[in-house]
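Participant: one predicted model, sequence on top.
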Amino acid sequence: MSRLLQAFGLTLAVATLCALATSCGSRYSAQMRVLNAIPDGQAVDVQVNGTKAFSKLQFTDFAPTPQPGYATVPSGGITVKAFLTGTSTTAPPTSSFTVNGSTQYTVIMQGFNRDTVGIDAPIAVPYTDNNTAPASGKLEFRVINASPSSPGGLVDVYFEPNPFNGDVTNLTPQISGLGYTQASPYQTLTANAQGSGFQVIVTASGNKTVLIQQNYPSGTTGGTIATLVLVDVVNGGQMSPTPLLLNDLN
């Protein structure tokens, strides 16, 4: 075989490998949505790798909308950086992490602007989403604890089909000891055939005193996935009685 043919064969092999790999000059994209859960901060614009991707996010705002929506970002190592809206003035947080191609993420900016170090310092945390439709008649919930003022830093969560009186004295939580910045696994529930949805009850870990009791309607046939985000009240100091609801899959 001539050297020309050998070189052509090598080039073709390399090109084939590059087409199958996620490197070699191009990568699959990831998808991202961002929530601003910093209770004592101002509205921010958010850059991803130096390019503005999200604008005018005030406390409890998320983007893109409507739900469930995601923005396309490069896969691999990325840096998420906040700026005061409409300015070039940096604002917390600046965080770097890795995202995988063909994967969807919820990134939550959390902590206190007034804390520059320690566990409550502002940070952007990525959480991997699951948007695969559940089995027939099932739905899924996940809880993320983005409340730096959650009691003792740990909470228990109960999911009970309506009608429910809110008394969890003799019940076992589906989610136990969920710490600040942590996400629970997705919880698979059977759709409430009565069509009245579920009560979500939150207590301090190991305590039966109800801190949050919220009703979340759901369809009678299931098929939905939702993320509940625990956040602080404005300016912080205590956990908000109203978690934020993000639709992963309608």
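Facilitator: Sure, I can see it. Residues are numbered from 1 along each chain as shown.
Participant: how about the most centrally placed residue in the chain, what does it touch?
Facilitator: Central residue check for the chain by CA atoms, centre = their mean: the C-alpha nearest the mean position is that of Thr106, 3.2 Å away. Taking CB atoms under 8 Å, 6 or more residues apart in numbering, we find Thr106 in contact with 32-35, 126-127, 129, 144, 227, 246. For glycine as for every other residue, the C-beta is placed from the backbone atoms N, C-alpha and C.
Participant: go on, Thr79?
Facilitator: 48-50, 94-96.
Participant: quick one: distance of the host helix or strand of it to the chain centre.
Facilitator: Following DSSP states H and E, one finds Thr79 within strand 76-84. Going by CA atoms, centre = their mean, to the nearest Å, the spacing between the C-alpha centre of strand 76-84 and its chain's C-alpha centre is 16 Å.
Participant: next, give phi and psi for the closest residue in space to Ser55 that isn't next to it in sequence.
Facilitator: Leaving aside its sequence neighbours, Ser55 sits nearest to Asp45 (CB to CB, 6 or more residues apart in numbering; 4.9 Å). Main-chain torsions, Asp45, degrees, to the nearest 10: phi -100, psi 150.
Participant: surely Asp45 touches Ser88?
Facilitator: No. Asp45 lies out of contact with Ser88 (CB atoms under 8 Å); the separation is 9.8 Å.
Participant: of these two, who's got more company?
Facilitator: It is Asp45, of Asp45 and Ser88, that has more neighbours when counted by other CB atoms under 10 Å, with 19 against 7.
Participant: in stretch 184-199, which residues are buried?
Facilitator: Buried residues in stretch 184-199, defined by neighbour count with 16 or more other CB atoms under 10 Å: 184, 186, 189, 191-192, 197-199.
Participant: who's the residue nearest to Ser55 bridged to?
Facilitator: On the basis of DSSP bridges, Asp45 is bridged to Phe83.
Participant: would you mind measuring from it to Thr87?
Facilitator: Distance of Asp45 to Thr87, computed by CB to CB, to the nearest Å: 8 Å.
Participant: which of the contacts of Thr79 sits closest to Gly118?
Facilitator: Using CB to CB, Ser95 comes nearest to Gly118 of the contacts of Thr79, at 15.2 Å.
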